[in-house]
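A.B. asks: need a structure here:
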Amino acid sequence: MTEGLLWYDADSKRPTRQKIDAAVNRYRERFGRAPNCCHVNPAQLVEHASVQVVANPRILLHHYWVGVDESLPIARPARRRGAA
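C.D. replies: Coordinates of the predicted model:
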């Protein structure tokens, strides 16, 4: 990933997955497409349903760098049941 959106959220009451959700949603709003990865500090590494989370020691705690990594599959929106 060469560029993306850097999101900061130090709210200790919210889980990391929710913070990544917020960063992903903001990325979609700003760039009109879904990111497929999120770089986080290794201490905050979690699994996420819609993006691949990458441990990156260059990322400070409570910062989330979301974007599109061309070497990873592009994220597809989840289909709802019953949709044709």
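
A.B. asks: and the gap between the residue most central in space within the chain and V51?
C.D. replies: When Cα atoms, centre = their mean is applied to the chain, the residue found nearest the centroid is C38 (3.8 Å). Using Cβ to Cβ, to the nearest Å, we find C38 at a distance of 5 Å from V51. For glycine as for every other residue, the C-beta is placed from the backbone atoms N, C-alpha and C.

A.B. asks: Which neighbours do the two have in common?
C.D. replies: I20, V24, V66 (Cβ atoms under 8 Å, 6 or more residues apart in numbering).

A.B. asks: Just to be sure, the second one is in a helix?
C.D. replies: Yes. With DSSP: H, G, I helix; E, B strand; the rest coil as the criterion, V24 is part of a helix.

A.B. asks: residue ranges with poor pLDDT in this structure?
C.D. replies: Residues of the chain meeting the criterion pLDDT under 70: 73-84.

A.B. asks: can you pull out the strands in it?
C.D. replies: Per DSSP state E, the chain has strands spanning 4-8, 37-40, 52-55, 63-67. These are given in chain order.

A.B. asks: Now do the buried residues in the third one.
C.D. replies: Read it as strand 52-55. By 16 or more other Cβ atoms under 10 Å, the buried positions in strand 52-55 come out as V53, V54.

A.B. asks: now do the first one
C.D. replies: By neighbour count on 16+ other Cβ under 10 Å, the buried set for strand 4-8 is G4, L5, W7.

A.B. asks: Closest one of the residues you listed to R30?
C.D. replies: Among the buried residues of strand 4-8, L5 lies closest to R30 (Cβ to Cβ), at 6.4 Å.

A.B. asks: dump the residue contacts of that closest one.
C.D. replies: Here L5 is in contact with A23, R26, Y27, R30, F31, P35, W65, V66, G67 (Cβ under 8 Å, 6+ apart).
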